[in-house]
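Chemist: My questions are about this predicted structure, shown below with the sequence.
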Amino acid sequence: MSDLTPFSYAILCLVGRNGAGPHDLARMMREGQAIWASARSQYYAEPKRLERLGYLQSDKQPGQTTERTHYTLTDKGTQALQRWLAEPTRYSRIQAEPVLHLLAADFVDDAVTVESLSAMRAELAVLAEQVSNAEARASEFPHRERYLRLSHTFMRAVIKAHEDLIEVVEKELSPE
């Protein structure tokens, strides 16, 4: 059994060619939460585990107040990432809470379901703003810029799919 999980590969991808510190990984996690969500603590623990296994190495770099840990890929980490990238991409497993709300909607009034799903609009607006911020910074990573723009397209589509679902639910379940 491999010692790498899908989350391990997410960390290897985020560390990338230029490396990243735990604070960078946590920031990227917040910006990418429309696509991948994990506990913030995992973004600090997993790089340490990957370093123990030889996929990452770290050094200390100056920070604003104290030294910061900065991770980079080792040859082993680069090779593992390359092997994984060559594998066929699978369909993303989606944990969709709105779908669960719809599956059990017969337990409440339609108005409750509409209100519950409509409340998601505020969160979707925040996610869309995070994508916009990430898009604005994509040029800071010239080696990844076109790939970041493609992933931002996907993130926008996922957000739009949720917005579209809300509209359909409102039309279908709201009183005439």
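Modeler: On my side now, so go ahead. Since the structure is predicted, the reported quantities are computational estimates derived from the model, not experimental observations. Numbers count the residues shown, from 1 in each chain.
Chemist: Please count neighbours and contacts with C-alpha atoms only from this point.
Modeler: Will do.
Chemist: In the protein, what residue spans correspond to strands?
Modeler: Along the chain, counting by DSSP state E, strands occupy 56-61, 68-73.
Chemist: Which secondary structure element of this protein has the lowest mean pLDDT?
Modeler: When the helices and strands of the chain are compared on mean pLDDT, DSSP states H and E, helix 22-31 comes out lowest with a mean of 79.
Chemist: follow-up on the earlier one: give me whichever of the strands of the chain is most buried.
Modeler: Comparing those by mean neighbour count (mean count of other C-alpha atoms under 10 Å), strand 68-73 ranks first with a mean of 21.
Chemist: Now do that one: everything it contacts.
Modeler: Strand 68-73 has contacts (C-alpha atoms under 8 Å, 6 or more residues apart in numbering) with 12, 15-22, 47, 55-62.
Chemist: Equivalent analysis for stretch 17-32, please.
Modeler: Applying C-alpha under 8 Å, 6+ apart, the contact partners of stretch 17-32 are 11, 14-15, 36-38, 40, 43-44, 47, 68-73, 127, 130-131, 134.
Chemist: now do stretch 115-125
Modeler: With contact meaning C-alpha under 8 Å, 6+ apart, stretch 115-125 is reached by 98, 159, 162-163, 166, 169-170.
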